[in-house]
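> Got a predicted structure plus its sequence, pasted below:
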Amino acid sequence: MSVEYLKSLGIFAEVVTQGSFRAAARALGMTPSAVTYHIQLLEESVGAPVFYRTTRRLTLTEAGEQLKHPAQMMLTLANDGLRAASAGQKMLSGVLRIALTVSLVRSPISKAMAEFRRDNPDVALELFYSDVPQDLVADRVDLALRAGALDDSSLRCTRVWSMPRAMVASPEFLTRYHELLTPDDLKTVPWVKHSHLSSRRKLIHMTKGEVEIEQAGALSVDNIEAMVDLACEGMAIASPPRHYVADLLAQGRLVEILPDWSLPDIPVHALWPASKVENPLTKAFLATLMDIKKRPIG
């Protein structure tokens with residue numbers, strides 16, 4: 001029997017339990033004619049009648065007796081499975097697979113994940129850190145957290161954070177390039193650039209407005225940690241996420257340049273595949289993520 005007959009088999013089991021087509025139709029929320037159709041479909045598949053019917057009585061045929069126990073067992077197992085799955089989702093258990101850009105290491109996003117894990121100890125987190133965007137559907141990823149501008153996509157999306165940045169350099173670097181007083185002074189000093197981002201930097205001042213400069217120098221990396229490391233070694237100016245350098249600034253290993261000027265925050269979006277039935281793990285995790293807007297940096 002193919003899968004298309006399973007519904008008919010389930011309806012047959014309900015007719016046996018209720019004792020009539022009409023009572024089964026009421027229990028199932030169907031019309032009596034729909035119940036009759038499925039019983040006829042089942043009989044065509046079996047090649048024999050499963051009920052003897054009169055105006056007053058409904059009895060099982062020999063074929064019906066042979067189908068009775070398997071059909072009732074199938075219905076019981078299906079209902080038990082659905083109840084167990086529903087209970088499991090209410091308790092939030094299972095695996096949540098998340099892809100993240102590397103710039104989110106040590107960010108408030110990590111704090112949100114730790115909080116989610118503490119509140120949901122039966123949920124396993126599988127985290128994939130990479131600056132190369134993954135195909136969420138092909139790679140079976142439940143949720144992605146990406147920084148920067150987004151391409152048009154069929155994925156569902158919401159903004160979860162604005163990531164602040166800082167312009168920094170080492171004290172040793174500033175002994176060689178000490179006259180850094182205006183944005184124009186930054187046009188001729190070396191920068192460590194991120195190869196996945198534009199080499200132009202917009203600077204914003206509360207009263208002087210905005211200016212845009214081209215990063216000079218021949219140093220490029222594809223990793224935030226490398227950018228910070230090279231800045232600490234005095235090779236160039238860097239503009240990493242502020243949470244990456246907060247401790248280094250406090251320790252004096254890096255110094256903020258032009259503190260009256262700021263870089264635009266980087267938008268961080270959560271993306272997940274669209275589906276008719278929402279993944280409860282994704283929904284719960286998103287609720288925790290949205291809380292980071294209220295969290296201080298550091």
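Here it is on my side, so go on.
> Give me the pLDDT value at Val137.
As summarised for this prediction, Val137 has a pLDDT of 84.
> do the same with Ser2
At Ser2, pLDDT is 63.
> now the one 10 residues further on
According to the per-residue confidence, Phe12 scores 91 in pLDDT.
> Hmm, it is touching Leu41, no?
No. Using Cβ atoms under 8 Å, Phe12 is not in contact with Leu41; the gap is 9.8 Å. Yep, even glycine has a C-beta here, placed from its N, CA and C like the rest.
> Quick check: end-to-end length of stretch 250-265?
21 Å (Cα to Cα, to the nearest Å).
> still on that earlier bit, so between Phe12 and Leu41, which is more surrounded?
When neighbours are counted by other Cβ atoms under 10 Å, Phe12 and Leu41 differ, and Phe12 comes out ahead with 29 against 17.
> Is the more buried one located within a helix, as I assumed?
Yes. The assignment for Phe12 by DSSP: H, G, I helix; E, B strand; the rest coil puts it in a helix.
> So what sits opposite the residue minimising distance to the centre of the chain in the bridge?
Taking Cα atoms, centre = their mean, the centroid of the chain lies closest to Leu143, which sits 1.5 Å from it. In this entry, Leu143 is beta-bridged to Ile98, by DSSP bridges.
> who touches it in this structure?
The neighbours of Leu143, taking Cβ atoms under 8 Å, 6 or more residues apart in numbering as the test, are 96-99, 136, 270-272, 282, 285-286.
> measure it to Pro267 for me?
Using Cβ to Cβ, to the nearest Å, we find Leu143 at a distance of 16 Å from Pro267.
> got it, and Ala274?
20 Å.
> higher neighbour count, the two?
Each of Ala274 and Pro267 has its neighbours counted (other Cβ under 10 Å); Pro267 has more, 15 against 11.
> where does the more buried one land on pLDDT?
pLDDT for Pro267: 93.
> Could I get the contacting residues of it?
Applying Cβ under 8 Å, 6+ apart, we find Pro267 in contact with 147-149, 159, 161-163.
> which SS class is it?
At Pro267 the chain is in strand, as set by three-state DSSP.
> which residues does it bridge with?
Ser162.
> and what of Thr158?
Ala270.
> Now the helix ranked longest in the chain: buried residues?
The helix that spans the most residues within the chain, counting by DSSP state H, is helix 62-90. Applying a neighbour-count criterion of 16 or more other Cβ atoms under 10 Å, one finds 63-64, 67-68, 71-72, 74-75 buried in helix 62-90.
> again with stretch 254-271
Using 16+ other Cβ under 10 Å as the test for burial, stretch 254-271 gives 254, 257-258, 261-263, 266, 268-271.
> average model confidence for the longest helix of the chain?
78.
> What helices and strands are in contact with it?
Where contact means 3 or more Cβ pairs under 8 Å, 6 or more residues apart in numbering; DSSP states H and E, helix 62-90 is packed against helix 6-18, helix 32-46.
> So for Pro190, which of these sits nearest?
Ranking the helices and strands packed on helix 62-90 by proximity to Pro190 (Cβ to Cβ) places helix 6-18 first, at 68.7 Å.
> quick check: angle from whichever helix or strand comes after the closest one to helix 32-46?
The C-terminal neighbour of helix 6-18 among helices and strands, as given by DSSP states H and E, is helix 21-28. Using axes from the mean of the first three to the mean of the last three Cα atoms, to 10 degrees, the direction of helix 21-28 lies 100 degrees away from that of helix 32-46.
> Return the distance of the lowest-mean-pLDDT helix or strand in the chain from the chain's centre.
Lowest on mean pLDDT, DSSP states H and E among the helices and strands of the chain sits helix 62-90, with a mean of 78. Here helix 62-90 is found 33 Å from its chain centre; the criterion is Cα atoms, centre = their mean, to the nearest Å.
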